[in-house]
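Q: predicted model follows, preceded by the sequence.
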Amino acid sequence: MTAPLAILVVDDDDRLRERLGRAFADRGLAVHLAADHATAVATAQATPLDRAVVDLRMPGPNGLAVVRDLLAAQPAIAVVVVTGYGSIATAVEAMRLGVRDYLTKPCNADQILAAFEVEPEPVPDAELPYEVPSLARLEFEHIERVLRECNGNVSKAARVLGMHRRTLQYKLAKFPVRR
């Protein structure tokens with residue numbers, strides 16, 4: 001009899017982490033849970049893991065740092081990033097680090113497990129299938145995300161971004177925010 005696959009779920013949301021852990025355990029996987037970077041890395045150093053599901057946004061080091069350190073501790077681990085705040089820039093960076101897939105929330109355990117089953121094809125660097133976004137596009141995505149987090153409050157978003165409100169209004173007029 002073979003040992004079940006070991007999966008690590010890294011998410012700062014207690015409810016989601018526990019729910020995913022139960023769902024994976026019900027599907028026959030050995031589940032390990034971590035709420036932050038330090039716990040995830042300690043688990044990876046102490047326990048052989050086959051797979052990891054990592055949330056992108058969390059307090060302290062973000063999910064990309066977790067992915068980098070997990071792959072440094074266990075190079076053969078398959079990682080899927082799950083986030084509610086997806087962007088082109090973070091998806092590209094995650095793929096460059098070597099994640100198997102990049103999913104946006106909400107997603108369920110079956111979708112995550114299906115992401116592990118798809119074997120990525122290696123692509124030579126000269127033939128990357130994506131177009132690198134411009135600096136203006138990345139700036140716009142960042143402004144859009146901060147504005148969403150500030151519930152559309154331009155003054156608050158300007159303070160968070162460290163710019164004058166009028167400058168932010170000018171940038172928003174140049175690239176209207178999708179609502």
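A: Yep, it's here.
Q: ends of stretch 68-78, what's the gap?
A: End-to-end distance for stretch 68-78, by CA to CA, to the nearest Å: 12 Å.
Q: mean confidence score for whatever helix or strand residue 92 lives in?
A: Element membership of residue 92, judged by DSSP states H and E, is helix 88-97. Across helix 88-97, the average pLDDT comes to 84.
Q: next: stretch 20-39.
A: Averaged over stretch 20-39, pLDDT sits at 90.
Q: contact partners for the residue lying closest to residue 91 once chain neighbours are set aside?
A: Using CB to CB, 6 or more residues apart in numbering and skipping the chain neighbours, the partner closest in space to residue 91 is residue 102 (4.6 Å). The C-beta positions use only the backbone N, C-alpha and C, and glycine is treated the same way. When contacts are counted by CB atoms under 8 Å, 6 or more residues apart in numbering, residue 102 is found next to 80, 81, 83, 86, 90, 91, 94, 95.
Q: ok, 10 Å please
A: By CB atoms under 10 Å, 6 or more residues apart in numbering, the contact list for residue 102 reads 56, 79-83, 86, 90-95, 115.
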